[in-house]
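Asker: prediction below, plus the sequence it came from.
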Amino acid sequence: MPRAKARRFIRINEPIIERDDIEAVTEVLESGILTDKMGMGPYVTKFEQEFAKFVGTKYAIATNSGTSALLAALSALGIKQGDEVILPSFAFVAAAEAVVWTGATPVFADIDLSTYTIDPDSIKECITPNTKAIIVVHLYGMPADMDPIMEIAEEHGLYVIEDAAQAHGAKYKGKVVGSIGHVGCFSFYATKIITTGEGGMVVTNDKELADKIFAIRNHGETSPYRSFYLGLNLRMTEIQAALGLSQLRKIRKFLKKRRENARKLTKEIGGMAPIIVPVVPKDRKHSWYVYTIRIRTRSGKVRDKIVQKLKEKGIDARVYYSRPIHLMPYYTVYKTKPLRKTKLATKQVICLPVHPRVEDRDIKYMAESVKKLVRKYV
Ligand SMILES: *Cc1c(COP(=O)(O)O)cnc(C)c1O
């Protein structure tokens, strides 16, 4: 029977661009000043100040992507050839590639399956005399277990870099992620919690480090035509910063809606044995970049079938991430211990949308669809 109205495709994430965002960008375009003061124009500076306030750090340095933020942070920390950096393999590739670009060696650790974030015990097993830093990824918006990680880092004299690209506004023991380690990195890519199209931010409380990152962002210059560090052009435009500022004004509203959606989805989808729903530890606040369930099956094929069927039903389910970084062709040269929990996660996870444009009827529809498919195929 033909349906009266075709169901719209429920995208995994989408930029939320409203009238005020458009006006903010238009204002910059009409001013004619699209970039200013070598990346230190008024909109960029204001965005940095407001973002630092939001995260609770003294400094914030805007960049042209989250990947740039990671590269600038690692470079400013002096990470270089011969150094080792420990990071999760079950994550987006950006942190690993930033490590490799500095000349250092990525060492891949396993995850904790209940949070999908780096496992502190696995970090310990990866430490050698060459270890210089740990990159923590707050995956899906779930804060990693920072206390034991900071303890390990302190004991071994290591830097901690937080990859908070999916976790704007997530909290661990009352602290906003990105402010807990030595340096935090964010992304404003089009699908992220807030967006500038492309863009990123580094945050830190360390003045010396902040100054160095400001310099690296603009060709390593500490004054005009005096490159003191190896730099790059990692500058954000005034256009992006204006959009970032207008998005930042709405971030609490966005996060509230994501949290409500996640709570509703758990209520609808939870309680069916082969489906493992996300559980947020009491000491954390999730930012729900995506809502990730795990299907209790040893076969990635069954999971893939369910994802394919969900897509056919108009639900943009995704597998973040079906291939761990250490098994990507470029990264197989890096010796990696067996990562049992990473392997299981890559075969079992399904990410579902809970962004602010997801409505109650979408949640009911997604829950019903997942449960039906699990009954059929698992
Ligand atoms: C998006 C993302 C990045 C990279 O950010 P870009 O702005 O796309 O360069 C890094 N790490 C994680 C976990 C991400 O999700």
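Answerer: Perfect, thanks for sending it.

Asker: C-alpha only now, for contacts and for neighbours.
Answerer: Will do.

Asker: what's the spacing between Arg340 and the ligand?
Answerer: 21 Å (Cα to the nearest ligand atom, to the nearest Å).

Asker: ok, the residue nearest to that residue when sequence neighbours are not counted - contacts?
Answerer: Sequence neighbours aside, Asp110 is the residue nearest to Arg340 in space, at 7.4 Å (criterion: Cα to Cα, 6 or more residues apart in numbering). Asp110 makes contact with 88-90, 118-119, 122-123, 339-342, according to Cα atoms under 8 Å, 6 or more residues apart in numbering.

Asker: show me what whichever strand or helix holds Gln49 is packed against.
Answerer: Secondary structure assignment for Gln49, by DSSP states H and E: helix 42-55. Applying 3 or more Cα pairs under 8 Å, 6 or more residues apart in numbering; DSSP states H and E, one finds that helix 42-55 makes contact with strand 59-63, strand 200-204, helix 238-248.

Asker: mean neighbour count for those - can I get that in CSV?
Answerer: Output for the helices and strands packed on helix 42-55, formatted as CSV (neighbours: other Cα atoms under 10 Å):
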stretch, mean neighbour count
strand 59-63, 29
strand 200-204, 29
helix 238-248, 24
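
Asker: among the ones you listed, which is nearest Lys364?
Answerer: In terms of Cα to Cα, the element of the helices and strands packed on helix 42-55 nearest to Lys364 is helix 238-248, at 28.3 Å.

Asker: got the angle for the helix or strand just after that closest one vs helix 42-55?
Answerer: Next in sequence after helix 238-248, counting helices and strands by DSSP H and E, comes helix 251-269. Calculated by axes from the mean of the first three to the mean of the last three Cα atoms, to 10 degrees, helix 251-269 forms an angle of 50 degrees with helix 42-55.

Asker: what sits up against the helix or strand following helix 251-269?
Answerer: Going down the chain from helix 251-269, the next helix or strand is strand 275-276, by DSSP H and E. Applying Cα under 8 Å, 6+ apart, the contact partners of strand 275-276 are 270, 293-296, 374.

Asker: show me the two of these that sit farthest apart.
Answerer: Greatest spacing in the contacts of strand 275-276, by Cα to Cα: Gly270 and Arg296 (13.4 Å).

Asker: any idea what the nearest residue to Lys207 once chain neighbours are set aside is bridged to?
Answerer: The shortest distance from Lys207 to any non-neighbouring residue, by Cα to Cα, 6+ apart, is to Tyr59 (7.4 Å). Beta-bridge pairing of Tyr59 under DSSP bridges involves Thr204.

Asker: please renumber the chain so that the first residue is 870 from this point on.
Answerer: Shifting the count to begin at 870 puts that one at Tyr928.

Asker: give the buried residues for the helix holding Gln918.
Answerer: By neighbour count on 16 or more other Cα atoms under 10 Å, the buried set for helix 911-924 is 912-921, 923-924.

Asker: tell me the mean pLDDT for it?
Answerer: Mean per-residue pLDDT for helix 911-924: 98.

Asker: my read: the residue nearest to Lys1076 touches Glu1077, true?
Answerer: No. Using Cα atoms under 8 Å as the test, Tyr928 is too far from Glu1077 to be in contact (10.4 Å).

Asker: and this structure, which of its residues are near the ligand?
Answerer: Within the chain, the positions near the ligand by Cα under 6 Å from any ligand atom are 934-936, 961, 963, 1006, 1032, 1034-1035, 1056-1058, 1067-1069.

Asker: circling back: any of the contacts of Asp979 buried? List them.
Answerer: Here, 16+ other Cα under 10 Å leaves 957-959, 987-988, 991-992, 1208, 1211 buried among the contacts of Asp979.

Asker: hang on, the earlier thing: so can I have CSV of the buried residues of helix 911-924 showing distance to Thr895?
Answerer: Compiled in CSV, these are given as follows (distance: Cα to Cα, whole Å):
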residue, distance to Thr895
Tyr912, 13
Val913, 16
Thr914, 18
Lys915, 17
Phe916, 17
Glu917, 20
Gln918, 22
Glu919, 20
Phe920, 21
Ala921, 25
Phe923, 25
Val924, 27
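
Asker: what about Arg877, neighbour count?
Answerer: Other residues within reach of Arg877, judged by other Cα atoms under 10 Å, total 10.

Asker: quick check: phi and psi at it.
Answerer: As for Arg877, its main-chain torsions (degrees, to the nearest 10) stand at phi -80, psi 150.

Asker: pLDDT score for it?
Answerer: pLDDT, Arg877: 85.

Asker: so how far is Asp981 from it?
Answerer: Separation of Arg877 from Asp981 (Cα to Cα, to the nearest Å): 35 Å.

Asker: from the buried ones among the contacts of Asp979, which land in helices?
Answerer: Of those, the ones assigned to helices by DSSP state H are 991-992, 1211.
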